[in-house]
Structures are given as C-alpha cells and as structure tokens.
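Chemist: Give me a 3D structure for the following:
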Amino acid sequence: MPAEASYLRVAEALRRRIRSGDLQPGQPFPSRHEIATEYRVGLGTAQRVLGVLRAEHLVEGAQRHKPTVAHPPAVRVLTDPVTPWPHGIGERRLSRTAAKGDIAALLGLADGTRVQRERIEYLDPDGRTSHVLARYGNQLRPAPGRHEHAGTTARAAGPGEAGMLGVAIGSVLLVVMVIRYARDGRPAAVDELLLPADRWQVRLGSAHRSV
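Modeler: Residues are numbered from 1 along each chain as shown. This is a model prediction of the structure:
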C-alpha cells in the first residue's frame, strides 16, 4: 500500500479508537514503535500519524515523550459574535479572493467580485486554536457601526479549515455569518466565524441578530 494511503488509514483507525472510547482521555497512547508494529507500517509513517493526531489535539505529549490521549477541550457557548476575543491571536492571513454565493450576496456584490479576505486564528489560553474568523470586503476595518447576524449553518471542514482548526477533515463546523455596515448604511464587510461543533454551541439572543 502507498505510504500516503497507509498514513491516512492508520490515522483514521486511531481516531475511531479515541472517539469510540477504546482509548480514554489521559490513557497512554500507542508509541511510534507500537503503531508501526500493530498496523504494519514504517516508523516514518507512524511518526507522521502521531504528528497529525497531535495537531488535531487528539494526542498530547512532546516529541520523545510517551504520548497520551488528550482530554477534550471545554465546550464554549457563543452568545455575541462581535465581542472582542479575550485570549490570544495566532496566525493572520491577508489575501484577495472572489466573493461567491452568500458572501457576495451579503456584500451586495456580483458573484465573483474580487475582495479582500483576512483570516484570523483565535487561541484558547493553552495555545490551542479555538476558532477562525474569515472577514470579506473592501473595508476590513470598518468604522464602528451597526452589525447584523445573517445566519448560522453547519458544514464539513475542508482540508485548509481542518488544518487551521486542528480537526479532522470532514468534522462538523458551525458557521456564523455577520454583516458589518459602514456609517452610510452600506455593507462594509462580512464576517464568517468557523467554530468546531465539538467545542462550541451557538446561542445568540435577539439583541445580536440585528443590532
């Protein structure tokens, strides 16, 4: 079996063991040598699997130390999508992209119009990624003004989103959309909050659906 297929197969098998409860939080996790022996893969593949599971926060323990199954992060409740985040900020990425679908419609633009996009990684106190904000528009720092909750949906995490959030590809994300208006009343930016469903609940009061 190709190395790439072996790595994916073993990583998914170990994820299932964690999620099924076969491997409990705090319990010793198979070492690189144990993974290689049990799943009949090379040590390099086993090391890659451990690295991925550490990045997904399913396994804890520094390199060269016995790994353990990570304790699941506490579940947070989002009640206000525009309150400043009280903890750290990780990586920020600024780019230009085509506004499509709901993003274009909420900005009042033709589908495919080029806009700026800023992605901001927000961190928990322990340094893990809590959630990600993607802001679209041509005024990424609009003057303080009205904002409106434009909807909450769910979708599967793609490869890029999964990598930033430290979750498995296909994990459920809660997506909260917020329109930020300029002082003249026109949409200035659209915020797309990406929240892992196993770490977050969304309970927005009426005061934050249209403010």
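Chemist: helix, strand or coil for Asp198?
Modeler: Under DSSP: H, G, I helix; E, B strand; the rest coil, the three-state class of Asp198 is coil.
Chemist: ok, it - contacts?
Modeler: Contact analysis of Asp198 by CB atoms under 8 Å, 6 or more residues apart in numbering lists Pro72, Val75, Val167, Ser171, Val172. (Each C-beta comes from the backbone N, C-alpha and C, glycine too.)
Chemist: Most neighbours among those, please name it.
Modeler: Using other CB atoms under 10 Å as the neighbour criterion, Val167 leads these with 23 neighbours.
Chemist: Give me the distance between Gly108 and Ala188.
Modeler: According to CB to CB, to the nearest Å, Gly108 and Ala188 sit 10 Å apart.
Chemist: er, Val49 I mean
Modeler: Taking CB to CB, one finds Val49 at 44 Å from Ala188.
Chemist: Which of these two has more residues huddled nearby?
Modeler: Each of Val49 and Ala188 has its neighbours counted (other CB under 10 Å); Val49 has more, 27 against 22.
Chemist: all strands for this structure, in order.
Modeler: 59-60, 68-69, 76-78, 89-99, 113-123, 129-137, 147-156, 172-181, 187-196, 200-202 (DSSP state E).
Chemist: Tell me which of these lies nearest to Arg19.
Modeler: Among these, the nearest to Arg19 by CB to CB is strand 68-69 (10.7 Å).
Chemist: on contacts alone, who are the packing partners of that closest one?
Modeler: With contacts taken as 3 or more CB pairs under 8 Å, 6 or more residues apart in numbering; DSSP states H and E, strand 68-69 sits against strand 59-60.
Chemist: Other residues contacting the strand it packs on?
Modeler: Phe29, Leu50, Leu53, Arg54, Pro67, Thr68, Val69, Ala70, His71.
Chemist: contacting residues around the fourth one?
Modeler: If I follow you right, that is Arg54. Counted by CB under 8 Å, 6+ apart, Arg54 has contacts Glu60, Gly61, Pro67.
Chemist: Just the buried ones from the residues you listed?
Modeler: Listed as buried from the contacts of Arg54 are Glu60, Gly61, Pro67; burial here means 16 or more other CB atoms under 10 Å.
Chemist: pLDDT check: weakest of these?
Modeler: Within the buried ones among the contacts of Arg54, the minimum per-residue pLDDT falls on Gly61 (73).
Chemist: can you pull the contacts of that one?
Modeler: Contacts of Gly61 (CB under 8 Å, 6+ apart): Phe29, Arg54, Pro67, Thr68.
Chemist: Adding distance to Glu121, write those out as a markdown table.
Modeler: Listed next are the contacts of Gly61 as a markdown table, based on distance: CB to CB, whole Å:
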| residue | distance to Glu121 |
| --- | --- |
| Phe29 | 26 |
| Arg54 | 17 |
| Pro67 | 24 |
| Thr68 | 25 |
